[in-house]
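Chemist: Fold the following, please.
(one chain, ligands or ions: 1)
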Amino acid sequence: MNILMFGPNGSGKGTQGAIVQEKYNIAHIESGAIFRKNIGGGTELGKQAKEYIDRGDLVPDGITIPMILDRLKEDDCKNGWLLDGFPRNKVQAETLSKALLDEKIHLDYVIEIVLDRDVAKLRITGRRLCANDNNHPNHIAFDAIKPAEKDGKMVCRVCGGELSARADDQDDEAIDKRHDIYYDENTGTMAAVNFFKGHSELTKVIPIDGGPSIGEVTEEIMAAL
Ligand code: AMP
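Modeler: Numbering: from 1, shown residues only. I've put the predicted structure just below:
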């Protein structure tokens, strides 16, 4: 099974992608993670990509497109793949489609997690990390997972551990820039989503409401696949 996963930053795309990837035992390819790995490893690709990523801009297509097309040729993709973070504009969408047609690879589904921009932003800025366990979700804006209070301080609702916010989750400008790119229907990621919506002969686009809880969104996705 070959899947593209779309959703704005803050929509739970990464979480849902990991669940789908595990269930179908397919490769999980995240363009952002590949860039971060290359930056960490000090590779030539990492050096080229870093300045764009630091600014919150897209890395140029000339670097990104060959990187992803090469990745899709690796052995672990033979059983299928879930691509997350690519394509992010119309040119990437068109190039990917053409490459898949040339290789006679069918794109089974495009999952689009739909979430209002304001809600997506609130999700990002309100999330808090527990010092003891990454899997203890805390969020200041959602009653079901609101942090607890101890001595006038917010603490983890599960274990009472110390809470902190991710630095890049609090950088207003960077969040807005990423969302500007995602929601742009002309040059941004929504243009890529619309490309697939306009080509029903290529694939099936499944819009999923990203508003409900993680479990409910997973159920909706699994029912649709
Ligand atoms: P992400 O982890 O998906 O938010 O990606 C982090 C950063 O990597 C983005 O802000 C971009 O600078 C870069 N990036 C990831 N995917 C792409 C892509 N498909 N095209 C261009 N740049 C990308």
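
Chemist: from here on, contacts and neighbour counts on C-alpha atoms
Modeler: Noted.

Chemist: Pull up the distance across stretch 94-113, start to finish.
Modeler: Its first and final residues considered, stretch 94-113 spans 21 Å by CA to CA, to the nearest Å.

Chemist: Touching that stretch from outside, list them.
Modeler: Outside stretch 94-113, the residues that touch it by CA atoms under 8 Å, 6 or more residues apart in numbering are 1-8, 11, 13, 65, 69, 87, 193, 195-196, 202-210, 221, 225.

Chemist: can you tell me which of the residues you listed are in strands?
Modeler: In strands, judged by DSSP state E, the following of these are found: 2, 3, 4, 5, 6, 204, 205, 206, 207, 208, 209.

Chemist: What parts of the protein come near the ligand?
Modeler: Neighbours of the ligand within the chain, by CA under 6 Å from any ligand atom: 31-33, 52-53, 56-60, 64, 85-88.

Chemist: related to what we said a few turns ago, name the member of the ones in strands among the contacts of stretch 94-113 with the most neighbours.
Modeler: residue 6 (28 neighbours; other CA atoms under 10 Å).

Chemist: That one is in contact with residue 84, isn't it?
Modeler: Yes - in terms of CA atoms under 8 Å, residue 6 counts as a neighbour of residue 84; the distance is 6.8 Å.

Chemist: overlap in contacts of those two?
Modeler: By the contact definition CA under 8 Å, 6+ apart, residue 6 and residue 84 are jointly contacted by residue 13.

Chemist: still on that earlier bit, out of the ones in strands among the contacts of stretch 94-113, who's nearest the ligand?
Modeler: Among these, residue 6 lies closest to the ligand (CA to the nearest ligand atom), at 10.1 Å.

Chemist: Can you tell me how far residue 31 is from residue 63?
Modeler: To residue 63, residue 31 is 11 Å away according to CA to CA.

Chemist: meant to ask about residue 71
Modeler: Taken as CA to CA, the span from residue 71 to residue 63 is 13 Å.

Chemist: likewise residue 126?
Modeler: 33 Å.

Chemist: ok, the two, which is more surrounded?
Modeler: residue 126 (17 against 12).

Chemist: What score does the residue of the chain lying at maximal distance from its centre have for pLDDT?
Modeler: Going by CA atoms, centre = their mean, the residue of the chain most distant from its centre is residue 151, 36.6 Å out. Residue 151 carries a pLDDT value of 95.

Chemist: again with residue 53
Modeler: Predicted confidence (pLDDT) at residue 53: the value is 85.

Chemist: How about the secondary structure of residue 113?
Modeler: strand (DSSP: H, G, I helix; E, B strand; the rest coil).
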